[in-house]
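Q: For reference, the sequence and a predicted model appear below.
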Amino acid sequence: MVPSTVTWGLLAAWAVHDVEELATMAGWARSARPRLEERLPWVPWERLEVSQRHVNVAIGLMGGVMAGASALGARTGGRSPVFQAALLGFGAHGVMHLAQAAVTRGYTPGAVTAPVVVIPFSVWAWRRLRAEGVPVRAGASGWAGLAALPVVLAGVHAAAHALTRPRVTAAFQRIRRGLRS
């Protein structure tokens with residue numbers, strides 16, 4: 001039996017990591033933009049700027065994805081392809097944070113917890129799955145799970161963008177005012 005520290009631990013490790021991103025992403029994007037525009041002029045930085053509200057919504061949506069993946073992992077004893085894909089994506093995400101920090105030659109949101117939470121948890125969880133005799137998805141299904149990471153991240157940010165657009169926000173405020181009346 002795979003312990004819950006492996007399956008629900010994914011959600012816990014994600015939460016610790018994303019607290020760092022929640023606290024730093026919007027402010028870092030604003031303050032680092034001039035330096036990044038100079039160093040990496042081909043990147044469309046104006047499209048990558050995010051508000052704190054966008055960060056909050058995106059992290060909340062991703063939390064739902066990670067909670068669902070962790071629940072599937074717990075229900076299947078770590079055998080769920082969705083859980084394993086999320087675990088693989090989480091570890092790869094940590095490596096990407098380190099690569100981003102190297103490319104930008106400085107701090108990027110998530111770079112502190114990536115080497116001390118994300119990557120160590122991911123390696124430990126894979127070892128525990130193997131030690132418990134859980135078949136680990138390899139080959140094409142493992143690569144498919146990894147390929148899903150940018151799709152999921154893009155989807156979460158697109159949904160956050162749609163939900164935090166001024167017209168959508170104004171509509172929610174009108175509904176909320178109507179409910180209070």
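A: Alright, I've got the coordinates.
Q: Quick one: residues contacting residue 175.
A: With contact set as C-beta atoms under 8 Å, 6 or more residues apart in numbering, residue 175 has no partners. For the C-beta atoms, the positions are set from N, CA and C on the backbone; glycine is no exception.
Q: what's the distance between it and residue 128?
A: 46 Å (C-beta to C-beta, to the nearest Å).
Q: just residue 98 next, same as before
A: Counting by C-beta to C-beta, the gap from residue 98 to residue 128 is 23 Å.
Q: contacting residues around the most centrally placed residue in the chain?
A: Nearest to the mean C-alpha position of the chain, by C-alpha atoms, centre = their mean, lies residue 62 at 5.9 Å. Residue 62 sits next to 14, 18, 152, 153, 156 when contact means C-beta under 8 Å, 6+ apart.
Q: and if you look at residue 86?
A: Contacts for residue 86 (C-beta under 8 Å, 6+ apart) come out as 10, 65, 66, 69, 70, 73, 145.
Q: Swap in 6 Å and give it another go.
A: residue 69 (C-beta atoms under 6 Å, 6 or more residues apart in numbering).
Q: one step back: which of the contacts of residue 62 are buried, as a PyMOL select command?
A: What follows is the PyMOL syntax selecting those of these that are buried according to 16 or more other C-beta atoms under 10 Å:
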select buried, resi 14+18+152+153+156
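Q: where does the chain dip in pLDDT?
A: Along the chain, the model assigns pLDDT under 70 to residues 45, 47-48, 138-143, 145, 167-174, 181.
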